[in-house]
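Q: Build me a structure from this.
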Amino acid sequence: MSDVQEPNWQRQLLVGIVALLVVGVVIGAIVAVLAVKAADVTLNNSGPGHQGPIIPSTAGAGMPTTPSHPSSTTANQPTTPAQTSHTPHRALTLSASPRHVASMGRINLDGRYPGHDGTSLQIQRSFKGGAWQDFPVTVTVHGDHFATYVETGYTGANRFRVLDKASGKTSNAVLVFVK
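A: Predicted structure coming up:
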């Protein structure tokens, strides 16, 4: 009877090892697909077809790519020293990249808040022209800079800004299209 139980034990062990290998291969494939997708997004945003630096829209602007909106005219022009000299030195500014992203794709948000090292900023979003709502992400200013990222499944035009809740100051709004 001992001889009959021995092969069952070995068979169960073999089935368990094969199952673990299959699970490992599936997880490895998922990680590989995500890595390739991340590399593709990175290459698409820095390769020969890259559209250049992202210029933040002005605070409260609608869709910065719409030529008929008065504040969007300056948002679509290249940044020059003369334009940046009109920005207050202690202004809270925000930029986003990429400006077009797939649903749940990474949206990098970074900016400057000179003189506010250690300040915590709340990310906010306005979807389809609605009211500003807190996004479940905060970021801390280090030196004069801050950087974080967000992901959203809300397709269409998403506007983002940052809010210093202590002072009530808000950054300019940036527009990101989610497909």
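Q: can you pull out the helices in the chain?
A: 2-46, 70-75, 81-84 (DSSP state H).
Q: what's the average pLDDT for the second one?
A: Here helix 70-75 scores 37 as its mean pLDDT.
Q: low-confidence ranges in this structure?
A: Scanning the chain for pLDDT under 70 picks out 1-6, 39-90.
Q: care to break it down by domain?
A: Annotated domains of the chain cover 1-50, 70-178 [automatic domain parsing].
Q: My guess is residue 104 contacts residue 152. True?
A: Yes - at 7.1 Å, residue 104 counts as touching residue 152 under the criterion of C-beta atoms under 8 Å. Just so you know, the C-beta spots here come from the backbone N, C-alpha and C atoms, and that holds for glycine as well.
Q: These two: who's more crowded?
A: The neighbour count for residue 104 versus residue 152, taken as other C-beta atoms under 10 Å, is higher for residue 152 (17 against 11).
Q: distance of the more buried one from residue 94?
A: 16 Å (C-beta to C-beta, to the nearest Å).
Q: which residues does residue 150 contact?
A: Contact analysis of residue 150 by C-beta atoms under 8 Å, 6 or more residues apart in numbering lists 106, 107, 109, 123, 125, 135, 137, 160.
Q: and the gap between it and residue 19?
A: In this view, residue 150 and residue 19 are 37 Å apart by C-beta to C-beta.
Q: Same check on residue 8?
A: To residue 19, residue 8 is 16 Å away according to C-beta to C-beta.
Q: what does residue 93 give?
A: From residue 93 to residue 19 the distance is 53 Å (C-beta to C-beta).
Q: Looking at those two, which one has more neighbours?
A: residue 93 (18 against 10).
Q: The more buried one and residue 162, how far apart?
A: 9 Å.
Q: any common contacting residues for those two?
A: Shared contacts of residue 93 and residue 162, defined by C-beta under 8 Å, 6+ apart, are found at 111, 171.
Q: Does residue 144 touch residue 111 like I think?
A: No - Residue 144 is not in contact with residue 111 according to C-beta under 8 Å; the separation is 9.5 Å.
Q: Which one of those two is surrounded by more residues?
A: A direct count of neighbours by other C-beta under 10 Å for residue 144 and residue 111 places residue 111 higher, at 24 against 13.
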